[in-house]
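# coords please:
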Amino acid sequence: MSYVEKSLVPGETLLYETRHHWLVLLGPALVSVVFAALGVGCLAELVAAKDGKGMLVGASEMEVHATEFGGVLLIVVAIAVFAFGLAKRNATEMAVTNRRVLIKTGLGNRRTLDLMLSRVESIAVEETFWGRMLGFGSVILHGTGGTPESFVMISHPQEFRRNVQEQIGAHPPA
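Okay, here's the model as predicted:
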């Protein structure tokens with residue numbers, strides 16, 4: 001169960017939920033590909049050496065085991081880097097309910113923001129050209145009397161803002 005679902009109070013309805021855009025996985029994916037390629041290269045060298053064509057022909061048994069261990073270790077590191085990036089992406093939740101805006105970020109350390117809709121002073125969206133084309137941007141929330149809260153690389157920021165504005169319009173301040 002997600003943080004947002006656990007945080008709902010009786011009578012509160014979840015209307016819209018979003019996370020970081022998939023593009024935040026690009027860095028971990030590229031690093032993972034490099035490590036995996038190096039690991040596969042080490043293991044391929046072992047296969048070539050067994051056929052008598054590799055650079056390790058005539059190498060000591062210790063060198064062969066070190067290359068094998070290094071190859072496997074690089075592949076494990078590649079998997080770990082990508083898994084960490086995926087977990088970090090999934091650790092960010094942004095939601096709009098019929099009463100408030102909820103935001104949770106962080107994997108080990110958690111940062112949460114629960115802002116009542118009646119206290120939302122403004123919500124800004126910043127999108128680059130590529131952000132508009134690929135569907136990501138930054139959302140900046142201003143609460144009454146508070147400092148701006150920025151959240152970057154959010155999927156569909158305009159839709160998030162529209163949902164906040166619709167709820168504020170549906171429940172005008174008394």
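
# Now do the residue nearest the centre of the chain against Ser122, distance only.
What sits nearest the mean C-alpha location of the chain, by C-alpha atoms, centre = their mean, is Arg89, with 1.7 Å. Distance, Arg89 to Ser122, using C-beta to C-beta, to the nearest Å: 27 Å. All C-beta spots, glycine's among them, are computed from the backbone N, C-alpha and C.

# rewinding a little: wait, isn't the residue nearest to the centre of the chain in contact with Leu26?
No. Using C-beta atoms under 8 Å as the test, Arg89 is too far from Leu26 to be in contact (10.8 Å).

# Give me the packing partners of the helix or strand harbouring Glu45, helices and strands only.
Remark: Glu45 resides in helix 26-50, with elements defined by DSSP states H and E. Judged by 3 or more C-beta pairs under 8 Å, 6 or more residues apart in numbering; DSSP states H and E, helix 26-50 is in contact with helix 61-90.

# Which residue ranges make up the domains of the chain?
3-20+92-170, 26-88 (automatic domain parsing).

# I'd like those as CSV, with mean neighbour count appended.
Putting those into CSV (neighbours: other C-beta atoms under 10 Å) gives the following:
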stretch, mean neighbour count
domain 3-20+92-170, 16
domain 26-88, 14
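
# Tabulate these (JSON lines), appending mean pLDDT.
Formatted as JSON lines, these follow (pLDDT from 0 to 100):
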{"stretch": "domain 3-20+92-170", "mean pLDDT": "90"}
{"stretch": "domain 26-88", "mean pLDDT": "87"}
